[in-house]
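> the amino acid sequence is not available; the structure is as follows:
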């Protein structure tokens, strides 16, 4: 039976490399469709936890994972040997930035080399990890294609950008449209057939580079517009105008305007990082992506801007940052998730502590937090604990926070996200 018929008859076995937010959620959709899935992750502890049916991802419910494991349709491995038994492999590994702000695709390269050891005929390999245009062709195709395996005939290679949005209750893996682009038309079609088994709408594009660029455009669009509105927030502050009132008024226009909102900086695994992949690639082509780099510069300086605003607020009350006890509310990069990757809250904590503040935090989604090698534990939020701090700084507006209690109890509040519904004398907004 060929690969296409295996997929359509649900006899194909799927390997998913990387069991994070993208890989584990995708694995559960594959299992739900009737396919057998073999997860691969280099984290031994994660592999053991997943095989016990304990979810490591907020968007994957423990009972769903346990049912998948108990049914025999899902199992996790640390070893790539299982690749020799699967028909399709989907790569969902991290793609961070190096300290020099250039792409780190070492996880992709390591996964590709491991897969090559167990490659066999009639096999589909899909990369979902966000990367610069050209990666699938330059890295995967170059590494995997040989006299024995011809792409488009013996081996099918494609790119399909992940579109995970942790904590989104409306859009998940299944109902978020899927982009696919293959090295050849045959590769695109094979990837499309696989995803059609689990996703409502699959949209083919002409090449892997196009599919890679789609993901970068999506997140560059957001990064640039967030950078713009963050600068507008600074401008409005200097003009003595409320940026929130300006945005709300502008948003009444039924065409030609889309509201974005200022905040303490960018966080997460995509928006702060992905545009810089594109910027780096363009430098290789002797082009400077000025919009992207300017937006990154503006967004990166927002924690410093917050620090300056906090210092001004304290100064108005004859206090300095040095020696002030501060409680940070919310340290995740977005509300109602447990993900602290690239969270601006971490930068705010570092900046405040470097200026001598005594900083604690409270976040129901993060029990322990590592900042510069030191471990902090989340403070339980009660009227008594809130009163102990000179200043409360709201960074992430989790829906479970009792804002009325915070307003009643806090000595002084600085709100970086305008989460309080009504104006309050204690509140200073970004």
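In hand now; what should we look at? Please read these numbers as outputs of a predicted model, since none were measured by experiment.
> pairing partners for the nearest residue to residue 206 once chain neighbours are set aside in the sheet, please.
Distances taken as C-beta to C-beta, 6 or more residues apart in numbering place residue 181 nearest to residue 206, at 6.6 Å, with adjacent residues excluded. For glycine as for every other residue, the C-beta is placed from the backbone atoms N, C-alpha and C. Beta bridges link residue 181 to residue 159, judged by DSSP bridges.
> which ones are touching residue 181?
Neighbour list for residue 181: 158-160, 188, 204-212 [criterion: C-beta atoms under 8 Å, 6 or more residues apart in numbering].
> also residue 78?
Contact analysis of residue 78 by C-beta under 8 Å, 6+ apart lists 40-44, 47.
> let's go with 7 Å and repeat that
Residues in contact with residue 78 (C-beta atoms under 7 Å, 6 or more residues apart in numbering) are 41-42, 44, 47.
> next: residue 307.
Shown in contact with residue 307 (C-beta under 7 Å, 6+ apart): 348, 351-352.
> double-check that it belongs to a helix.
Yes: per DSSP: H, G, I helix; E, B strand; the rest coil, residue 307 lies within a helix segment.
> mind checking pLDDT for it?
Residue 307 is assigned 95 on the pLDDT scale.
> how close does it sit to residue 359?
12 Å (C-beta to C-beta, to the nearest Å).
> find residues that contact each of those two.
Common contact partners of residue 307 and residue 359 (C-beta under 7 Å, 6+ apart): residue 352.
> re earlier: which of the contacts of residue 307 has the most neighbours?
residue 348 (26 neighbours; other C-beta atoms under 10 Å).
> give me the nearest residue to that one, chain neighbours excluded.
Excluding its sequence neighbours, the residue lying closest to residue 348 (C-beta to C-beta, 6+ apart) is residue 303, at 4.9 Å.
> and the one you found, how many residues sit next to it?
Neighbour tally, residue 303, other C-beta under 10 Å: 23.
> give the buried residues for whatever helix or strand it lives in.
Element membership for residue 303, per DSSP states H and E: helix 302-316. Applying a neighbour-count criterion of 16 or more other C-beta atoms under 10 Å, one finds 302-303, 305-307, 309-311, 313-314 buried in helix 302-316.
> what about that helix, distance to the chain center?
Centroid separation for helix 302-316 versus its chain: 28 Å, with C-alpha atoms, centre = their mean, to the nearest Å.
> what helices or strands is the helix or strand following that helix leaning on?
The helix or strand immediately downstream of helix 302-316 is strand 325-329, counting by DSSP H and E. Counting contacts by 3 or more C-beta pairs under 7 Å, 6 or more residues apart in numbering; DSSP states H and E, strand 325-329 is packed against helix 344-354, strand 358-362, strand 391-394.
> please identify the buried residues of whichever helix or strand comes after the shortest one?
Following the chain from strand 391-394 toward its C-terminal end, the next helix or strand by DSSP H and E is helix 403-409. The neighbour-count criterion (16+ other C-beta under 10 Å) identifies 403, 406-407, 409 as the buried residues of helix 403-409.
> how far is helix 403-409 from where the chain is centred?
That offset, for helix 403-409, works out to 31 Å (C-alpha atoms, centre = their mean).
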